[in-house]
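Trainee: sequence and predicted structure are below.
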Amino acid sequence: MSSRHDLHAVAAWLAESAQPLLVTHRRPDGDALGALAAMSLMLSRGGVEPLPVLFDRFPRRYALLQPLARWHDWEAEREVLCGECDAVVVLDTCTLTQLEPIAPFLARAPRTLVIDHHATHDPIGTRPGDLRLLNESASATCLIVADLCRAMHTPLDAPLATALFVGLATDCGWFRFSNTDARTLRLAAELLEAGADPSGIHQALYEQEPRAKLRLVARLLERLELHADGRLAVMYLRPEDFAATGADDTMTEDLVNEAARLAGTEATLLITQEAGNVVRVNFRSKRNLDVSALARRFGGGGHARAAGARLMGAWDHVVPRVIAETIEAL
């Protein structure tokens with residue numbers, strides 16, 4: 001848990017802001033969006049005008065969070081946002097490669113606060129006047145934001161509890177991943193008491209999938225490969241897979257976990273070919289392999305059991321290298 005001193009220092013830092021720019025990583029997941037929405041609600045109730053910004057279109061899966069904040073488009077509003085903000089709050093990442101669209105601005109941005117629970121830390125939020133609230137033991141960034149809500153005496157209500165619950169539950173695999181601890185479950189109970197509806201949230205997130213996504217999953221599993229005597233499962237997505245199924249890149253979240261159901265596997269890779277000679281790799285492990293250390297070899301990062309990286313290079317060069325180094329790590 002974050003110390004009271006750190007939390008009160010962050011609360012005092014935020015109290016000096018009038019229009020903070022709130023940002024998170026590209027391709028935001030539930031924890032990133034939940035933390036942005038929760039921070040926006042918390043700051044708005046304190047008389048602040050937050051400016052939550054996304055680099056991508058709002059993910060359809062998380063539509064229940066969209067009404068909770070006034071979201072901004074970085075590409076369309078960049079100049080206005082840079083001119084209006086008097087602070088920057090970076091949530092759920094401390095990695096420049098995940099903040100690529102805004103990275104040049106961060107070097108000259110107003111004072112910056114980073115709130116994150118990942119193990120990979122680039123020099124963001126390290127200038128005089130900046131601040132970092134990093135807690136690798138937290139199961140989700142939303143858990144840290146919930147601690148901050150208490151420090152700022154912000155009462156929980158249904159919208160705020162919903163935003164925090166989305167981040168908490170999704171980053172813990174609906175409380176089945178190894179990062180689920182007693183703090184996580186205590187906070188979940190507190191959020192339920194404040195009005196979060198787990199059944200309704202689960203239905204909104206996971207029971208509204210378009211048919212195109214199921215076709216994509218079928219195509220993904222049809223070509224699944226096993227390496228290292230079955231300890232490594234590898235899945236691939238290429239542009240032709242999206243074209244054939246009618247799916248898009250917003251439908252790839254959690255697909256890396258599809259192979260985790262296989263007996264005998266320790267690690268899973270989901271390798272996706274993106275535009276511009278970019279290959280995205282999602283790493284997962286069950287028990288022993290530290291995939292955050294593996295991802296760092298390729299310029300990425302994350303957690304010991306869940307990490308990612310984006311590599312520049314030709315598919316036929318990048319893919320064999322990633323598989324070979326994962327087998328070596330195993």
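Mentor: Noted; the coordinates are in hand.

Trainee: got the residue ranges for the strands in the stretch 201-330 of the chain?
Mentor: In order along the chain, the stretch 201-330 of the chain carries the following strands (DSSP state E, counting those that start in this stretch): 225-227, 232-237, 267-274, 278-285, 301-302, 306-312.

Trainee: quick one: contacts for residue 221?
Mentor: Residue 221 sits next to 235, 258, 259 when contact means CB atoms under 8 Å, 6 or more residues apart in numbering. In short, each C-beta sits where N, CA and C put it, glycine included.

Trainee: again, only this time at 7 Å
Mentor: Contacts here follow CB atoms under 7 Å, 6 or more residues apart in numbering; on that basis residue 221 touches residue 258.

Trainee: ok, residue 263 - how many residues close by?
Mentor: Using other CB atoms under 10 Å, residue 263 has 5 other residues around it.

Trainee: where does the residue lying closest to residue 66 once chain neighbours are set aside sit: helix, strand or coil?
Mentor: Counting by CB to CB, 6 or more residues apart in numbering, residue 58 is the residue found nearest to residue 66 once chain neighbours are left out, at 5.6 Å. Of the three states, residue 58 takes coil under DSSP: H, G, I helix; E, B strand; the rest coil.

Trainee: what pLDDT does residue 58 get?
Mentor: Looking at residue 58, its pLDDT is 94.

Trainee: what's the burial count for it?
Mentor: Neighbours of residue 58 (other CB under 10 Å): 15.

Trainee: hang on, the earlier thing: by mean pLDDT, show me the worst of the strands of the stretch 201-330 of the chain.
Mentor: Among the strands of the stretch 201-330 of the chain, strand 301-302 scores lowest, at a mean of 86.

Trainee: Provide the strand pairings for it, with the direction of each partner.
Mentor: strand 306-312 (antiparallel) (DSSP bridges).

Trainee: now do the buried residues in the strand it pairs with.
Mentor: 306, 307, 308, 309, 310, 311 (16 or more other CB atoms under 10 Å).

Trainee: go on, stretch 84-96?
Mentor: 85, 87, 88, 89, 90, 91, 92, 93, 94, 95.

Trainee: and the last one, what does it touch?
Mentor: The one in question is residue 95. Listed by CB under 7 Å, 6+ apart, the contact set of residue 95 reads 120, 122, 301.

Trainee: ok, back up a step: any idea which of the strands of the stretch 201-330 of the chain gets closest to residue 167?
Mentor: strand 306-312 (14.5 Å; CB to CB).

Trainee: may I have that closest one as CSV, with CA atoms only?
Mentor: Only the C-alpha atoms of strand 306-312 are listed here, as CSV (Å, rounded to 0.1, in the frame of the first residue of the first chain):
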residue,chain,number,x,y,z
ALA,A,306,2.0,-10.2,-18.0
ALA,A,307,4.1,-7.9,-20.2
GLY,A,308,4.3,-6.5,-23.7
ALA,A,309,6.6,-5.0,-26.3
ARG,A,310,6.5,-3.3,-29.7
LEU,A,311,9.4,-4.1,-32.0
MET,A,312,10.4,-2.5,-35.3
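
Trainee: from the chain's centre, how far out does it sit?
Mentor: In this view, strand 306-312 has its centroid 13 Å away from the chain centroid, taken as CA atoms, centre = their mean, to the nearest Å.
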